[in-house]
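# no sequence on hand, only this structure:
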């Protein structure tokens, strides 16, 4: 499955994700990116929680960018897509698109940048056994 | 400070806490109870995070009840109060009231029930050193 | 579809739903109940967001109870079930179970109590056109 | 108060804001930016919720960037600072810093970009009565 380059996750907007403007609060898109990232790793053969347990490492988020194009509403179907943008043994960048799952309209797009850290919070390198996961 | 029997925490409703009904989403009151509970422990002499580190125990939530009386809106001041309702070496119940901090109107009231568990998730007892904290 | 009496929703635990105890934060179960409730209404023929738009009414939560039996972890599959417990033209009670979707173990169970309110926040009655939805 | 150029908000990390890595989940920093932004508007003489009510306009978020420097933990005091970076009658950019309130260490920094929209979601301009608020 290492050939899989894009993940697709479908889910519906939760009432709790909306705000008083009647639309999805913008912070939730970061949570949706995380769903898409989890799915991408899974499709490429590694459950992220197994990665954390097996290596004692985490992929700490050091940067995030999101551009919002259209609002989403309660119960809209969301299609979240993730792919690997760049990778290096110490740093990985994922890119994302969130679309309306029915109309295909682009809702938001963004990126997250991650560094590998140990349980003690020290910088680490991706273990060679996981190079395939990250196209290294 | 063991004599302190009620905590009072004041904070303002965050936009992210509102929902499409224009009011605070009901799940947030559980988070506010947690703020009030943290404050109560602190006023009684123990920071909950120190308790977790020193004892290796957590106070897992096993039950929660909340009754909602009036809605809160974005930027309203909230006054959250917590007190110990009943305690036992294996189980503690806290009670709460959330009021509008300016008018005093009751917004919600509730209870949370906790059991002590070890890091491995096994039932545990409150260590005697913390009996004072829990009126035991 | 009015004959449908239980809804089943399946989804995976999001990383953002976990807390420093390594398990799902208890407030999220209220959000999961909401997912299950939305699904139940849909299976019984009404999208809740259409109900809100068509009637100008909301089903405000006035009470919630949740009992936590076992912890859930990141990426666990959750199976959330909802059913109508009691109903009255002014008040509806839903009941819920949240299970591990793979093992079937019961994670949490609970209830939510709702009253009908108008956009101005005044008590209202379920319109007769929706009696079927609520078994009235 | 229009001379106020920076806001400072202090609050403590909530348990619900942490994740299984034992630190604050990165999406919460966007919520903290919102707290700081609300405070900045207030210090400059306008409660944002009054702005929304008086003008029928909202400041929709169209972009966000956040760089994470150090992790925050449960019950840490956070000092969130916001200031106006650039403004235009149709678009406003705020910048932020989030620091540990006790040590002063920089935790995260970022920006949010907003456009004015009407209740129907159409692009709008800041009304001249609010030019002072936005240094126009």
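Now that the structure is in, tell me what you want to look at. Note that the structure is predicted; figures quoted are calculated from it, not measured.
# show me which residues of chain A sit near chain B.
Within chain A, the residues that sit near chain B (C-beta under 8 Å from any C-beta of the partner chain) are A:15, A:16, A:18, A:19, A:20, A:22, A:23, A:25, A:27, A:73, A:74. (Glycine included, C-beta is placed from N, CA and C.)
# so residue A:43 sits against residue A:7, correct?
Yes: the pair residue A:43 / residue A:7 is scored as a contact, 5.2 Å apart, by C-beta atoms under 8 Å.
# for the most centrally placed residue in chain A, which three-state class applies?
With distances taken as C-alpha atoms, centre = their mean, residue A:37 lies nearest the centre of chain A, 3.0 Å away. Following DSSP: H, G, I helix; E, B strand; the rest coil, we place residue A:37 in the helix state.
# among the residues of chain A next to chain B, the buried ones, what's the ChimeraX command?
The following ChimeraX line selects those of these that are buried, judged by 16 or more other C-beta atoms under 10 Å in any protein chain shown:
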select /A:15,16,18,19,20,22,23,25,27,74
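# of the residues of chain A next to chain B, closest to chain D?
The nearest member of those to chain D, counting by C-beta to the nearest C-beta, is residue A:27 at 4.0 Å.
# and that closest one, what pLDDT?
With respect to pLDDT, residue A:27 has a value of 98.
# which non-adjacent residue is nearest residue A:125?
residue A:89 (4.4 Å; C-beta to C-beta, 6 or more residues apart in numbering or on different chains).
# residue A:43 and residue A:7: who's more crowded?
residue A:7 (21 against 17; other C-beta atoms under 10 Å in any protein chain shown).
# ok now stretch A:74-84, how far from the chain's centre?
Computed by C-alpha atoms, centre = their mean, to the nearest Å, the chain-centroid distance of stretch A:74-84 equals 10 Å.
# buried ones in that stretch?
Neighbour counts over stretch A:74-84 (16+ other C-beta under 10 Å) mark A:74, A:75, A:76, A:78, A:79, A:80, A:81, A:82, A:84 as buried.
# pretty sure the last one is touching residue A:40, no?
Yes: using C-beta under 8 Å, residue A:84 makes contact with residue A:40 at a distance of 7.3 Å.
# please enumerate the shared neighbours of those two.
Counting by C-beta atoms under 8 Å, 6 or more residues apart in numbering or on different chains, the shared contacts of residue A:84 and residue A:40 are residue A:94.
# so the residue nearest to residue A:125 touches residue A:123, yeah?
No: because the distance of 10.7 Å does not satisfy C-beta under 8 Å, residue A:89 is recorded as not touching residue A:123.
# if you count what's nearby, which of those two comes out ahead?
residue A:89 (15 against 11).
# the more buried one and chain D: what is the separation?
Distance of residue A:89 to chain D, computed by C-beta to the nearest C-beta, to the nearest Å: 20 Å.
# and the pLDDT at that residue?
So, for residue A:89, pLDDT stands at 95.
# for it, grab phi and psi.
Phi and psi for residue A:89, reported as degrees, to the nearest 10, are phi -60, psi -20.
# where's it relative to residue A:124, distance?
9 Å (C-beta to C-beta, to the nearest Å).
# repeat for residue A:47
Residue A:47 is 19 Å from residue A:124, by C-beta to C-beta.
# who has more neighbours, the two?
residue A:124 (20 against 14).
# now the more buried one. Nearest residue, chain neighbours left out?
Nearest non-adjacent residue to residue A:124 (C-beta to C-beta, 6+ apart): residue A:116, at 4.3 Å.
# which helices and strands does the helix or strand containing that neighbour pack with?
With elements taken from DSSP states H and E, the one containing residue A:116 is strand A:106-118. Judged by 3 or more C-beta pairs under 8 Å, 6 or more residues apart in numbering or on different chains; DSSP states H and E, strand A:106-118 is in contact with helix A:28-43, strand A:57-68, strand A:91-100.
# buried ones in that strand, by neighbour count?
For strand A:106-118, by 16+ other C-beta under 10 Å, it's A:107, A:108, A:109, A:110, A:111, A:112, A:113, A:114, A:115, A:116, A:117.
# quick check, nearest of the residues you listed to residue C:131?
Minimum distance to residue C:131 across these is 36.4 Å, recorded for residue A:107 (C-beta to C-beta).
# what's the overlap in contacts for residue A:89 and residue A:124?
Counting by C-beta under 8 Å, 6+ apart, the common neighbours of residue A:89 and residue A:124 are residue A:116.
# give me the number of residues near residue A:51?
19.
# chain D contacts on chain A?
Proximity of chain A to chain D (C-beta under 8 Å from any C-beta) is limited to residues A:21, A:26-28, A:30-31, A:58, A:60-69, A:71, A:121.
# one more time with 10 Å, if that's ok
Chain A comes close to chain D at residues A:19-23, A:25-34, A:49, A:52, A:58-71, A:108, A:110-113, A:115, A:117, A:119, A:121, as judged by C-beta under 10 Å from any C-beta of the partner chain.
# any idea how far chain D is from residue A:133?
Counting by C-beta to the nearest C-beta - residue A:133 and chain D are separated by 19 Å.
# quick one: secondary structure of residue A:133?
coil.
# do you know the pLDDT at it?
Model confidence at residue A:133 (pLDDT) stands at 92.
# where in chain A is pLDDT low?
Residues of chain A meeting the criterion pLDDT under 70: A:1-2.
# spell out which residues of it are next to chain C.
So far as C-beta under 10 Å from any C-beta goes, chain A lies against chain C at A:9, A:11-18, A:27-28, A:30-32, A:34-35, A:37-39, A:42, A:47-50, A:52, A:73-76.
# out of the buried residues of stretch A:74-84, list just those in helices.
Among the buried residues of stretch A:74-84, no member falls in helices (criterion: DSSP state H).
# distance to residue B:103 added to those, as CSV?
What follows is the buried residues of stretch A:74-84, written out as CSV (distance: C-beta to C-beta, whole Å):
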residue, distance to residue B:103
A:74, 30
A:75, 34
A:76, 36
A:78, 39
A:79, 44
A:80, 42
A:81, 47
A:82, 46
A:84, 53
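# and which of those is nearest chain B?
residue A:74 (5.5 Å).
# wait, doesn't the closest one sit right on residue A:23?
Yes: using C-beta atoms under 10 Å, residue A:74 is in contact with residue A:23, at 8.7 Å.
# any common contacting residues for these two?
A:13, A:17, B:20 (C-beta atoms under 10 Å, 6 or more residues apart in numbering or on different chains).
# and the second one, what is it in contact with?
To tie it back to what came earlier, the one meant is residue A:17. When contacts are counted by C-beta under 10 Å, 6+ apart, residue A:17 touches A:23-25, A:27-29, A:31-32, A:72-74, A:78, B:16, B:19-20, B:25, C:31.
# is the residue with the largest distance to the centre of chain A in a helix, a strand, or coil?
Distance to the chain centre peaks in chain A at residue A:20, reaching 26.0 Å (criterion: C-alpha atoms, centre = their mean). At residue A:20 the chain is in coil, as set by three-state DSSP.
# how about it: what's its closest non-neighbour residue?
Closest to residue A:20 by C-beta to C-beta, 6+ apart is residue B:18, at 3.8 Å.
# identify the bridge partners of that neighbour.
residue B:24 (DSSP bridges).
# contacts only, for it.
A:18-21, A:25, B:24-25, B:28, B:71-75, D:49.
# now with 7 Å?
Residue B:18 makes contacts with A:19, A:20, B:24, B:25, B:74, as judged by C-beta atoms under 7 Å, 6 or more residues apart in numbering or on different chains.
# hmm, the last one is touching residue B:15, no?
What it means is residue B:74. Yes: using C-beta atoms under 7 Å, residue B:74 is in contact with residue B:15, at 5.4 Å.
# overlap of the contact sets of the two?
In contact with both residue B:74 and residue B:15: residue A:20, using C-beta under 7 Å, 6+ apart.
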